[in-house]
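J.: take a look and give me a structure for this.
(one chain, ligands or ions: 1)
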Amino acid sequence: MDNKQANVERFNAKATEWDDDPGRAHMGQGVAHAMLAALQPTGRETALEFGAGTGLLTRLMAPRLARVTALDSSSGMLGVLRRKCADLHLANVDVVEGSVPEQLPDQRFDLVYSSMTLHHVEDVPGLLRALARHVNPGGRVALADLDAEDGSFHREVQGVVHHGFAREVMGGWLRDAGFGDVAFSTAWTMRREGTDGAARDYPIFLAVARKPEH
Ligand SMILES: C[S@@+](CC[C@H](N)C(=O)[O-])C[C@H]1O[C@@H](n2cnc3c(N)ncnc32)[C@H](O)[C@@H]1O
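T.: Reported below is the predicted structural model:
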């Protein structure tokens, strides 16, 4: 089974119970808070969220943006997100099934954002180069994921291809993809038991970068 299919199967199987873990909802709140503080959106931005999952971040970002395309490769996760958008009357969210980088929508956005999805993507530098083609000049990316960890974060390894990322490596990839004004902060710290049973802090970085106007 290839990595893409492994992720689809993993998240389809988890979709209906994904939101039952309060740690995930707290992380969504923490990451949304950090993203909104860093981005200070005007409310006129069009946005792409990839790896939107069940919308734990989407539901907090969408009210502050003009329109959000919420993309994910798992139909199960998107089923939960569609119901959430209906329940919360989030009429500015377009839910789209697709995998990055192959099925990025054929349009450009003012903002591309994501949380906890990059570590499932094999070719992250290639994805960042593809994202640069889908961001308007002057637009931004906001990417949150695990800082480099020792492999103890995931109890299930199916579909996980990176044990987090070193910030200097991610920053270099963003610059190589053509982004500037690269800035890192810590969006959230998740405390939980690692695979060996010992509790640890897992910091989650937020990288914000801008595509030059020219
Ligand atoms: C760990 S979950 C995070 C979901 C959500 N961002 C959150 O914070 O709750 C990762 C999500 O990325 C999706 N995903 C994984 N690889 C993907 C890819 N290549 N393209 C699009 N979505 C992907 C999965 O289906 C899943 O919904």
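
J.: which strands or helices does the helix of greatest length in the chain pack on?
T.: For the chain, the longest helix by residue count, based on DSSP state H, is helix 22-39. Packing partners of helix 22-39 (3 or more Cβ pairs under 8 Å, 6 or more residues apart in numbering; DSSP states H and E): helix 58-61, strand 109-115, strand 135-146, strand 180-193, strand 199-210. In this view, the C-beta of every residue, glycine as well, is placed from N, C-alpha and C.

J.: how about that helix: buried residues?
T.: Residues of helix 22-39 classed as buried: 24, 27, 28, 30, 31, 32, 34, 35, 38, 39 (neighbour count, 16 or more other Cβ atoms under 10 Å).

J.: ok, and of those residues, which contact the ligand?
T.: Filtering these for neighbours of the ligand using Cβ under 6 Å from any ligand atom leaves 24, 28.

J.: where does the chain have its least confident helix or strand?
T.: Sorting the helices and strands of the chain by mean pLDDT, DSSP states H and E puts helix 3-14 at the bottom, at a mean of 93.

J.: hmm, back to that, C-alpha coordinates for the longest helix of the chain, CSV please?
T.: Presented in CSV, the C-alpha positions along helix 22-39 are these (Å, rounded to 0.1, in the frame of the first residue of the first chain):
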residue,chain,number,x,y,z
PRO,A,22,-10.4,16.6,23.8
GLY,A,23,-6.6,17.1,23.3
ARG,A,24,-7.3,17.5,19.6
ALA,A,25,-9.9,20.2,20.1
HIS,A,26,-7.6,22.0,22.4
MET,A,27,-4.8,21.8,19.9
GLY,A,28,-7.1,23.1,17.2
GLN,A,29,-8.0,26.1,19.4
GLY,A,30,-4.4,26.8,20.3
VAL,A,31,-3.2,26.6,16.7
ALA,A,32,-6.1,28.8,15.4
HIS,A,33,-5.4,31.3,18.1
ALA,A,34,-1.7,31.4,17.1
MET,A,35,-2.4,31.6,13.4
LEU,A,36,-5.0,34.4,13.7
ALA,A,37,-2.6,36.4,16.0
ALA,A,38,0.2,36.0,13.5
LEU,A,39,-1.8,36.6,10.4
